[in-house]
Every structure is written in C-alpha cells, then in structure tokens.
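*Asks:* need the 3D shape of this:
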Amino acid sequence: MTRIRLVILILLTIPLLAGRGPGSNQTAPVDIKGWEQQVELLERPDGSIIYRLTAPDGSVEELSPLQFAKRHFRLEQSRSFINRLFNITSPLGIAWVLVGLLGQALFTGRMILQWLASERMGRSTVPVAFWWCSLIGASMLLAYFIWRKDIVGVLGQGLGWFIYIRNLALIYGSGSDEQVDVNEDPDPEPTLQDERR
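*Replies:* Numbering: from 1, shown residues only. Predicted coordinates:
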C-alpha cells in the first residue's frame, strides 16, 4: 500500500515541478498569421485569461480578451479586399496563392483537353496531355496545400499524384525502347452485330 501512495504522490508532484501546478501561470501559443508579435494565451493563478504579445524587439504587452479582439478586428479590417478574399497575410502569401490558382487552372484545363480530344476522335479518349496537366496541376496544388497546412487538400492531391505518374509510366513504357501509339485504343469496344441473321 505504501508503494501505491508513493507513486500517487510522485504523479501529483510532477506538474508542480514542471511549473504547471496550482498558483502558476499556464500558457498556450496562439498562431495568427500576419501578426508580427508572438501571441500566447495566459491563464493567471486567479483563473483570469489574458493575451500576452511579445514583439520582435522583446517588448511584452498584455491584453484582455476584449482588447485583443478589438485589435484583431482592426487589423482584419485594415487588410485589402483581395487579401481578405484569398486569406493573404503576407507578401509571400500572394506568390503562394498564384501557385495555387495556376495549379487549379491546369487541373481544370485537363478536363477541357480530354473533352476536345474526345470530340476530335469521335469517342471517349484520354490524351497524354491530360496526364501531364494532371501531374503538374496536382504538384502545384499539393505544394500550395502543404503551405496552407490543409490536410484535406494534401490528401486529395497526394494520392492522385502517384496515379498520374503511374499512367505516364505506362504510356511511355517505363524505359522500354518500344514506341507506343497513345492514340490507338488497345482494347476497342466490340461492335454490336445484328442478331437476326
């Protein structure tokens, strides 16, 4: 029984030694893009919560939740319409949004290419350009979603990326010297015969 009490005492003491026990300030970082200050949410020993902003020069400012909300609101309202529309918080963000937009244009353009090729052939077909547009567009979108830290976009583009590479490898024969006619259908649809004969 004494060992159990000792283990419980140690487990209760660890938070106190780490500075996280009753009576100590507890902090949690707050990530707000576009703010030059490092922002932390701070819980004081009395249970009140404040925001602590540390500027790059080391100066510290503490704000109540209402003061912090007002400052955040003013900063958001001072951003241009384009910056708010595309959620751009820095000049580098403009370049990333352009990468994402161009990637999306290529990714959408692949369907137009496929449609035009099918119309020209008179049947459904997938040209090589479709796979190249898919790969390049998906690569640009994947980079954009990684920068945005958007797991849904990363998963959505990441799986397709391998499929596009595999299709291009199949088209080009994975290093084989044999030429492949990509316009020839290796498995043509059977024609319907008149069964009354």
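*Asks:* contacts and neighbour counts: CA atoms only from here.
*Replies:* Fine.
*Asks:* could you list the domains of the chain?
*Replies:* Under the assignment automatic domain parsing, the domains of the chain span 24-66, 83-175.
*Asks:* in this protein, which spans are helices?
*Replies:* With helices called from DSSP state H, the chain shows them at 2-17, 65-78, 81-85, 91-121, 128-148, 151-171.
*Asks:* pick the most deeply packed of the ones you listed.
*Replies:* Most buried of the helices of the chain by mean neighbour count (mean count of other CA atoms under 10 Å) is helix 128-148; its value is a mean of 20.
*Asks:* turn the domains of the chain into JSON lines, columns for mean pLDDT and distance to Arg74.
*Replies:* Compiled in JSON lines, those are given as follows (pLDDT from 0 to 100; distance: least, CA to CA, whole Å):
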{"stretch": "domain 24-66", "mean pLDDT": "75", "distance to Arg74": "12"}
{"stretch": "domain 83-175", "mean pLDDT": "89", "distance to Arg74": "13"}
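*Asks:* in CSV, list those along with distance to His72.
*Replies:* Shown next, in CSV, are the domains of the chain (distance: least, CA to CA, whole Å):
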stretch, distance to His72
domain 24-66, 9
domain 83-175, 13
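*Asks:* closest one to Leu75 among the ones you listed?
*Replies:* Of all the domains of the chain, it is domain 24-66 that lies closest to Leu75, at 8.8 Å by CA to CA.
*Asks:* please tell me how far Ile49 sits from Ile163.
*Replies:* Note on Ile49: its distance to Ile163, by CA to CA, to the nearest Å, is 50 Å.
*Asks:* quick check: which of the helices of the chain is nearest to Leu53?
*Replies:* Taking CA to CA as the criterion, helix 65-78 is the member of these that comes nearest to Leu53, at 9.5 Å.
*Asks:* just checking, what packs against the closest one?
*Replies:* Here helix 65-78 touches strand 49-54, going by 3 or more CA pairs under 8 Å, 6 or more residues apart in numbering; DSSP states H and E.
*Asks:* list the neighbouring strands of the strand it packs on plus their orientation.
*Replies:* strand 38-43 (antiparallel), strand 60-63 (antiparallel) (DSSP bridges).
*Asks:* what's the angle from it to helix 65-78?
*Replies:* 50 degrees (axes from the mean of the first three to the mean of the last three CA atoms, to 10 degrees).
*Asks:* what's across from the spatially closest residue to Ile49 that is not a sequence neighbour in the sheet?
*Replies:* Setting aside the residues directly before and after it, Ile49 is nearest to Glu43 in space (CA to CA, 6 or more residues apart in numbering), at 4.6 Å. Glu43 has these beta-bridge partners by DSSP bridges: Gln26, Ile49.
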